[in-house]
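J.: Please work out how this folds:
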Amino acid sequence: MTGPDHQPDGAAHRRRPDRERKPAAFRLDDARVRLDSDAHEALTRGETRVVPTGGSAPRPAAATPERSPRSVSWGRWLTVGLGGLASLAIGLSIDALIRDLFARTDWLGWLAVALAGLAAIALLGLILREVTGLLRLKKIDEIRTSLTASAEDDDDAPARAGLRQLIALYRERPETARGRRALADHLGEVIDGRDLVILAERDLLKPLDARALRIVNDSVKRVSVVTAISPRAVLDLAIVLVENLRIMRRISALYGGRPGVFGFLRLARHVAAHLAVTGGMAAGDSLVSQLLGHGLAARLSARLGEGVINGLLTARVGIAAIEVCRPAPFIAARGPNVSDVMGELFKGDPEAQALLQEAKAAPPGKD
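T.: Residues are numbered from 1 along each chain as shown. Here you go, the predicted structure:
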């Protein structure tokens with residue numbers, strides 16, 4: 001319905017175009033309210049006209065996002081072309097080598113054929129391993145997405161389906177037998193989706209989380225100590241890079257990933273994206289912010305050199321790898337953070353522990 005049109009004393013009254021009439025409420029059964037569509041008939045004193053509009057205004061159609069024209073991926077075509085040429089060159093070289101060996105003597109030719117067949121079988125095995133690794137990583141991502149949605153919506157149907165996939169993922173892991181049995185019992189007793197995910201986190205994934213945190217702690221200690229005594233910055237960079245790649249592979253294997261070369265590259269890309277989203281060096285972590293803000297890192301670096309900063313970077317990469325490789329979200333339990341790893345790093349150093357306690361106790365704005 002349209003808004004009321006009030007005309008005092010029955011006289012036609014036109015509103016000034018620059019003045020807006022304030023909204024008002026009327027009862028439709030009031031005798032002073034007239035429901036008609038004749039907007040030209042004069043009203044008496046105190047009457048109000050409400051004119052039906054014949055339906056609500058049509059809603060504007062949702063704007064369809066314009067699709068940007070797809071550009072030709074010249075880099076991809078270049079890679080395909082060069083890869084095809086390299087494959088042809090290798091094949092022709094092997095063929096020429098086998099022919100030359102047959103021309104010399106038959107047994108050398110047959111030996112070359114056997115070695116070429118062995119190489120072909122090994123190549124096929126590598127391809128199958130890469131495909132299997134990519135499929136396992138994709139399955140873990142799907143399980144995590146399903147469990148995250150079911151925990152947010154408290155829906156038991158997708159939670160049960162995702163947890164059955166989780167049990168199947170670890171069915172060949174003897175150390176998870178107890179957790180798998182407990183989780184299978186919960187599937188027949190608990191009806192809330194969020195509670196099922198929390199129980200899976202407690203019974204099945206908690207031991208794996210503890211092992212993953214130990215992997216991160218060991219890597220952080222190794223990086224901190226080795227880079228502290230390393231005489232060259234290039235050597236420090238190589239050590240940090242190798243250790244970060246190693247920690248990603250170990251954590252992925254722990255949670256059931258077992259990626260190949262291409263799967264590992266995909267995993268590294270996901271970890272890098274996660275680090276970019278969460279702020280790189282954990283800028284939001286209060287303990288790290290206070291540690292750097294109070295200048296305590298410089299005091300600690302007198303004992304460990306640049307190993308502390310390298311250890312922080314490794315810790316952040318390890319924590320990102322845990323969150324990316326873990327097949328379920330952190331719901332009830334708090335995920336590991338840089339403060340936990342730092343506390344373990346300086347566990348045996350009383351002076352460092354005192355500095356950390358000072359950073360925790362001091363106000364964030366105090367220098």
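J.: so where do the helices sit in the stretch 151-300 of the chain?
T.: Using DSSP state H, counting those that start in this stretch, the helices of the stretch 151-300 of the chain run over residues 156-169, 177-187, 193-200, 206-229, 233-254, 261-278, 286-293, 296-304.
J.: Could you dump those helices into a markdown table with mean pLDDT, mean neighbour count and distance to residue 88 added?
T.: No exception for glycine: its C-beta is placed from N, CA and C like everyone else's. Below are the helices of the stretch 151-300 of the chain laid out as a markdown table (pLDDT from 0 to 100; neighbours: other Cβ atoms under 10 Å; distance: least, Cβ to Cβ, whole Å):
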| stretch | mean pLDDT | mean neighbour count | distance to residue 88 |
| --- | --- | --- | --- |
| helix 156-169 | 87 | 19 | 40 |
| helix 177-187 | 87 | 16 | 49 |
| helix 193-200 | 87 | 22 | 51 |
| helix 206-229 | 85 | 18 | 43 |
| helix 233-254 | 85 | 17 | 32 |
| helix 261-278 | 76 | 16 | 22 |
| helix 286-293 | 49 | 18 | 53 |
| helix 296-304 | 51 | 15 | 54 |
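J.: right, so of those, which gets closest to residue 324?
T.: Closest to residue 324 of the helices of the stretch 151-300 of the chain is helix 261-278 (Cβ to Cβ; 4.9 Å).
J.: can I get the CA coordinates of the closest one in CSV?
T.: Output of helix 261-278 as CSV, limited to C-alpha atoms (Å, rounded to 0.1, in the frame of the first residue of the first chain):
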residue,chain,number,x,y,z
VAL,A,261,56.3,-34.3,-6.0
PHE,A,262,53.3,-32.5,-7.5
GLY,A,263,51.2,-33.1,-4.4
PHE,A,264,54.0,-31.6,-2.3
LEU,A,265,54.1,-28.5,-4.5
ARG,A,266,50.3,-28.2,-4.1
LEU,A,267,50.7,-28.5,-0.3
ALA,A,268,53.5,-25.9,-0.2
ARG,A,269,51.2,-23.5,-2.2
HIS,A,270,48.4,-24.0,0.3
VAL,A,271,50.7,-23.5,3.2
ALA,A,272,52.1,-20.3,1.6
ALA,A,273,48.5,-19.1,1.0
HIS,A,274,47.6,-19.8,4.6
LEU,A,275,50.6,-17.9,5.9
ALA,A,276,49.6,-14.9,3.7
VAL,A,277,46.0,-15.0,5.0
THR,A,278,47.0,-15.3,8.7
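J.: quick one: that helix to helix 233-254, angle?
T.: Interaxial angle, helix 261-278 versus helix 233-254 (axes from the mean of the first three to the mean of the last three Cα atoms, to 10 degrees): 100 degrees.
J.: contacting residues around helix 261-278?
T.: The contact list for helix 261-278 (Cβ atoms under 8 Å, 6 or more residues apart in numbering) reads 130, 133-134, 136-137, 245, 248-249, 252, 257, 259, 284, 316-317, 320-321, 323-325.
J.: Can you tell me how far residue 250 is from residue 307?
T.: 21 Å (Cβ to Cβ, to the nearest Å).
J.: With residue 142 instead?
T.: Separation of residue 142 from residue 307 (Cβ to Cβ): 39 Å.
J.: Which one's more surrounded, these two?
T.: Neighbour totals were compared for residue 142 and residue 307, and residue 307 leads with 25 against 13 (other Cβ atoms under 10 Å).
J.: So for the more buried one, what's the pLDDT?
T.: The confidence metric pLDDT takes the value 70 at residue 307.
J.: Check whether it really touches residue 221, as I assumed.
T.: No: counting by Cβ atoms under 8 Å, residue 307 stays clear of residue 221, with 9.4 Å between them.
J.: show me the contacts for the closest residue to residue 251 other than its chain neighbours.
T.: Among residues not flanking residue 251 along the chain, residue 321 sits closest, at 4.5 Å (Cβ to Cβ, 6 or more residues apart in numbering). By Cβ under 8 Å, 6+ apart, the contact list for residue 321 reads 247-248, 251-252, 267, 271.
J.: Which two of those residues have the greatest separation?
T.: Once Cβ to Cβ is applied, the contacts of residue 321 give 247 and 267 as the farthest pair, at 11.4 Å.
J.: Among the contacts of helix 261-278, name the buried ones.
T.: Among the contacts of helix 261-278, those classed as buried by 16 or more other Cβ atoms under 10 Å are 130, 133-134, 136-137, 248-249, 252, 257, 259, 316-317, 320-321, 323-325.
J.: related to what we said a few turns ago, let me know which of the helices of the stretch 151-300 of the chain is the nearest to residue 91.
T.: Residue 91 lies closest to helix 261-278 among the helices of the stretch 151-300 of the chain, at 21.7 Å (Cβ to Cβ).
J.: pLDDT (mean, whole number) over stretch 118-131?
T.: Per-residue scores along stretch 118-131 average to 91.
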